[in-house]
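> Sharing a model prediction with you, sequence too.
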Protein chains: 2
Amino acid sequence: MSRIITNSTPKRDGYRMPAEFESQDEIFMIWPERTDNWRLGAKPAQESYAQVAETISRFESVTMLASHSQYENCRSKLNSNIRIVEMSSNDAWCRDTGPTFLVDGKGGRRAVSWGFNAWGGLYDGLYFPWDKDLLIAEKICELTRTDYYTTDGFVLEGGSIHTDGEGTVLATEMCLLSKGRNPHMTKAEIAEKLCDYLGCEKVLWLSEGIDPLETNGHVDDIACFVRPGEVCCIYTEDKNHPFYSVSQKSVEQLSSMTDARGRKLKIHKLCCTKKPVLMADASTIDSRRGSQPRKTGELCIASYANFLICNNAVIVPQYDDENDSLALEQIGKMFPEREVVGVRTREIVYGGGNIHCITQQLPSA
Amino acid sequence: MSRIITNSTPKRDGYRMPAEFESQDEIFMIWPERTDNWRLGAKPAQESYAQVAETISRFESVTMLASHSQYENCRSKLNSNIRIVEMSSNDAWCRDTGPTFLVDGKGGRRAVSWGFNAWGGLYDGLYFPWDKDLLIAEKICELTRTDYYTTDGFVLEGGSIHTDGEGTVLATEMCLLSKGRNPHMTKAEIAEKLCDYLGCEKVLWLSEGIDPLETNGHVDDIACFVRPGEVCCIYTEDKNHPFYSVSQKSVEQLSSMTDARGRKLKIHKLCCTKKPVLMADASTIDSRRGSQPRKTGELCIASYANFLICNNAVIVPQYDDENDSLALEQIGKMFPEREVVGVRTREIVYGGGNIHCITQQLPSA
């Protein structure tokens, strides 16, 4: 019972994507199961997803979307305060395959269903096919009875953008200008598309992300808005850290930026792990043509910035690293009004993402 | 986010199944697709289901449950005011596989998830396996965030019972005492189970139904409550009509019954089709071991009593039969306060049921 709106844009209709720190009604997640991405039949990942879901559910409603074949197992692994709804998917990244919800400030709520091609399609995407993922945004809109805009083929994942809710979008050139997404469009055209569909006026462009080979540099691993005019950005002074140059450059770029309202950004620096997180034994991951292989010992994209802001809380990845508590402390100072809760998510990062990547918020109308 | 309640019964907790004529919030249906039960790849049946759904949606919210593989097709075949939610099933009989919803009169709503074995299990059931059907009640409870009771293996389909909302259950011995369902239980034990889980005090037993080989005589093809103290029952004086003896006997039995409140029942007679409805060309139905075959020319269970009462309306099967308009007229007199709408449903009856069989109401809390 969702209308598809094709003859207008959110901006024209007075809709905007709220910032993540605004009030939310519910968090959606997708239960992981593909054995060619997750170790050991996805069982350790499922345990981590369950821990994330249950942590969020202390603060807010959670709906876990699970395939029919995993439905019973998923139900048995989660507390009964979490709702399970059947939904087929190719993998479990609701940030990227779910809809982006919008509000109009007058009680109206709509959404955007972006094009999705598994982070780069046949050019450098991560798996084929992505047929089930393609329907997830639409199915969540149906489920929530939300009218939604389609973007005429424009490819975008939710993890590649952040908004401040007041007209500003944060994104990376590495991702949004990648060859696997919308190579036919100029940077200016892409910025216009973002503004039209997120109800924004200005895009702040960072150059790079920290996972060029995975999501082509999603911004949600490096920076986000803490409140209007203030951003959090990963930062390390350790020249040997794999994220050193990107973190330095990002902080430098953000330092000279002003947002859509003309405010100079205040930057909150967030530490990186002391030691790089490396892929654990990958021998129990199934081999499959068409899926990017994972190798024991390769660098994982373990960033503390991939946290979720939900009602009254911030849910933060923890890696059993020396800097885990420092990250919680720093984020606590950024969000003094919220409870900051860490969840051990090494198994999720082994699969290519983290807490922000696996969640999608339904903002309050 | 549904709790499973195993240590009590609805009756003990003050819950009852409302009558179908009480206020409803929503109707659930399941999109048909199995090619070994429906003609021509289920396409004609899908068209009929769509017509039923759209007719109901004029009066009340409708959610259509569709498998992933049929999701896009289902979405394209229904108006956008009908919600589509992904759900796997073995076939499309939401009356029988869905939950029975209960209310407590204080704003509370719960449900019962009955045992289900495809209308008789390995004894005389209609298909094997029924693994997906088994989860439908639970999934609908999750979807609607409804706590539910399980029945400790007690097998029952929603089409085999009607209630008046005031303590009375209507059922047939042919079905509820069948060997394929709960053969270890006595009639008295079964009556007690019904009363415990429907919040009732008395079961009115009719002897037989009109489809011994299909559902083993579901009551929803022969009789239902119109309002407390009043029942509708099929009736024909044509001795050659295949439903003659059952209809005569049912009216006779009902005539001598009193309900849970001690009222003598008022009986509204409802005509049968003038001509028996026979199965059309069955050659386009797939053959499959484990599924009951359908044969061209065999008798179909075409009853006008298999209507759905929804908010402000009654949705009635029509068979292109001479008595179609008489049935509408008779039902109109039973429900003078509701709009009576006929829908042509021959293709649904070819699959073994009708409008009541394919719908399940969510009563208002």
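That came through fine.

> and residue A:115, how many neighbours does it have?
With neighbours defined by other CB atoms under 10 Å in any protein chain shown, the count for residue A:115 comes to 17. (Each C-beta comes from the backbone N, C-alpha and C, glycine too.)

> So for the nearest residue to it once chain neighbours are set aside, what's the pLDDT?
Ranked by CB to CB, 6 or more residues apart in numbering or on different chains and with sequence neighbours excluded, the top spatial neighbour of residue A:115 is residue A:155, at 4.0 Å. For residue A:155, the pLDDT comes out at 98.

> what about the residue in the stretch 101-250 of chain A that chain B sits nearest to, how many residues close to it?
Nearest residue of the stretch 101-250 of chain A to chain B (CB to the nearest CB) works out as residue A:142 at 5.2 Å. By the criterion of other CB under 10 Å, residue A:142 has 23 neighbours.

> got the contact list for it?
Taking CB atoms under 8 Å, 6 or more residues apart in numbering or on different chains, we find residue A:142 in contact with A:1-2, B:75, B:83-85.

> Show me what counts as buried in stretch A:195-204.
Buried residues in stretch A:195-204, counted by 16 or more other CB atoms under 10 Å in any protein chain shown: A:195-200, A:202-204.

> Now do it: distance to the chain's middle.
18 Å (CA atoms, centre = their mean, to the nearest Å).

> now could you export just the CA positions of that stretch as PDB?
Taking Å, rounded to 0.1, in the frame of the first residue of the first chain, the C-alpha atoms of stretch A:195-204 are listed here in PDB:
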ATOM      1  CA  CYS A 195      20.000  17.500  -2.800                       C
ATOM      2  CA  ASP A 196      16.800  16.800  -4.700                       C
ATOM      3  CA  TYR A 197      16.200  13.400  -3.000                       C
ATOM      4  CA  LEU A 198      17.500  14.200   0.500                       C
ATOM      5  CA  GLY A 199      15.900  17.700   0.600                       C
ATOM      6  CA  CYS A 200      19.300  19.300   1.000                       C
ATOM      7  CA  GLU A 201      21.200  22.400  -0.400                       C
ATOM      8  CA  LYS A 202      24.800  21.500  -0.100                       C
ATOM      9  CA  VAL A 203      27.100  18.500  -0.400                       C
ATOM     10  CA  LEU A 204      30.300  18.400   1.600                       C
END
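
> Any chance you could list what contacts that stretch?
Applying CB under 8 Å, 6+ apart, the external contacts of stretch A:195-204 come out as A:9-12, A:14-17, A:100, A:102, A:112, A:114, A:149, A:151, A:154, A:161, A:163, A:167-171, A:191, A:194, A:254, A:257, A:259-260.

> tell me the mean pLDDT for that stretch?
Average pLDDT, stretch A:195-204: 98.

> go on, stretch A:342-352?
Averaging pLDDT along stretch A:342-352 yields 98.

> picking up where we left off before, contact partners for the residue nearest to residue A:115?
Listed by CB under 8 Å, 6+ apart, the contact partners of residue A:155 are A:114-117, A:121, A:181-182.

> what's the answer for residue A:24, then?
By CB under 8 Å, 6+ apart, the contact list for residue A:24 reads A:60, A:310-311, A:361-364.

> Ok, residue A:58 next?
Residue A:58 makes contact with A:313, A:341 under the criterion CB under 8 Å, 6+ apart.

> Any figure for the gap between it and residue A:311?
With the distance defined as CB to CB, to the nearest Å, residue A:58 ends up 10 Å from residue A:311.

> Kindly report the same for residue A:217.
Plainly put, residue A:217 is 29 Å away from residue A:311 if you go by CB to CB.

> cool, and residue A:178?
33 Å.

> Looking at the two, which is more packed in?
Per other CB under 10 Å, whichever of residue A:178 and residue A:311 has more neighbours is residue A:178, with 22 against 18.

> Over to residue A:77: give its phi and psi.
Note on residue A:77: its backbone torsions stand at phi -100, psi -10 [degrees, to the nearest 10].

> what about it, how many neighbours?
Using other CB under 10 Å, residue A:77 has 20 neighbouring residues.

> How far away from the center of its chain is stretch A:186-196?
With CA atoms, centre = their mean as the basis, stretch A:186-196 stands 20 Å off its chain's centre.

> Would you mark the buried spots in that stretch?
For stretch A:186-196, the neighbour count (16+ other CB under 10 Å) marks A:190-191, A:193-196 as buried.

> swap in stretch A:312-324?
Neighbour counts over stretch A:312-324 (16+ other CB under 10 Å) mark A:313-319, A:321, A:323-324 as buried.

> Would you mind giving those as CSV with distance to chain B added?
Shown next, in CSV, are the buried residues of stretch A:312-324 (distance: CB to the nearest CB, whole Å):
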residue, distance to chain B
A:313, 19
A:314, 23
A:315, 19
A:316, 25
A:317, 25
A:318, 26
A:319, 30
A:321, 34
A:323, 35
A:324, 31
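
> Okay, and which of those residues map to helices?
Residues of these located in helices (DSSP state H): residue A:324.

> Looking at the buried residues of stretch A:312-324, which is nearest residue A:297?
The closest of the buried residues of stretch A:312-324 to residue A:297 turns out to be residue A:319 (CB to CB; 15.8 Å).

> Would you confirm that the closest one contacts residue A:278?
No. Counting by CB atoms under 8 Å, residue A:319 does not reach residue A:278; the two are 10.7 Å apart.

> Near chain B, which residues of the stretch 101-250 of chain A are found?
By CB under 8 Å from any CB of the partner chain, the residues of the stretch 101-250 of chain A that approach chain B are A:132, A:135, A:138-139, A:142-143, A:145.

> now that we have the residues you listed, which one has the most neighbours?
residue A:139 (27 neighbours).

> Now do the helix or strand that contains it against helix B:136-143: the angle between them, please.
Under the criterion of DSSP states H and E, residue A:139 resides in helix A:136-143. Counting by axes from the mean of the first three to the mean of the last three CA atoms, to 10 degrees, helix A:136-143 lies at 80 degrees to helix B:136-143.

> now helix A:136-143: mean pLDDT?
Mean predicted lDDT for helix A:136-143 stands at 98.

> gap between whichever helix or strand comes after that helix and the chain center?
Tracing the chain C-terminally past helix A:136-143 and defining elements by DSSP H and E, one meets strand A:147-155 next. Relative to its parent chain, strand A:147-155 has a centroid offset of 18 Å by CA atoms, centre = their mean.

> Mind listing what's buried along strand A:147-155?
A:147-151, A:154-155.

> That one to helix A:136-143, inter-axis angle?
Strand A:147-155 and helix A:136-143 are oriented at 180 degrees to each other (the same axes, to 10 degrees).

> which residues are contacting the very next helix or strand once past strand A:147-155?
Sequence-wise, the next helix or strand downstream of strand A:147-155 (DSSP H and E) is strand A:162-163. Contacts to strand A:162-163, defined as CB under 8 Å, 6+ apart, come from residues A:16-20, A:169-171, A:198, A:200, A:219-220, A:223-225.

> Give me the residues contacting the lengthiest helix in chain A.
Across chain A, the longest stretch assigned as helix under DSSP H is helix A:43-57. Helix A:43-57 is contacted from outside by A:27, A:29, A:31-33, A:38-39, A:62, A:64, A:73-74, A:77-79, A:81-82, A:92, A:308, A:310, A:313, A:315, A:341, A:343-348, A:350-351, A:355, A:358-359, using CB under 8 Å, 6+ apart.

> ChimeraX command for the buried members of these?
A single ChimeraX command selects the buried members of these (16+ other CB under 10 Å):
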select /A:27,29,31,32,33,38,39,62,64,74,77,78,82,92,308,310,313,315,341,343,345,346,347,348,350,351,355,358,359
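
> Among the contacts of helix A:43-57, which lie within helices?
A:73-74, A:77, A:346-348, A:350.

> Just send those back as a markdown table, with distance to chain B too.
What follows is those, written out as a markdown table (distance: CB to the nearest CB, whole Å):
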| residue | distance to chain B |
| --- | --- |
| A:73 | 12 |
| A:74 | 10 |
| A:77 | 14 |
| A:346 | 28 |
| A:347 | 24 |
| A:348 | 23 |
| A:350 | 27 |
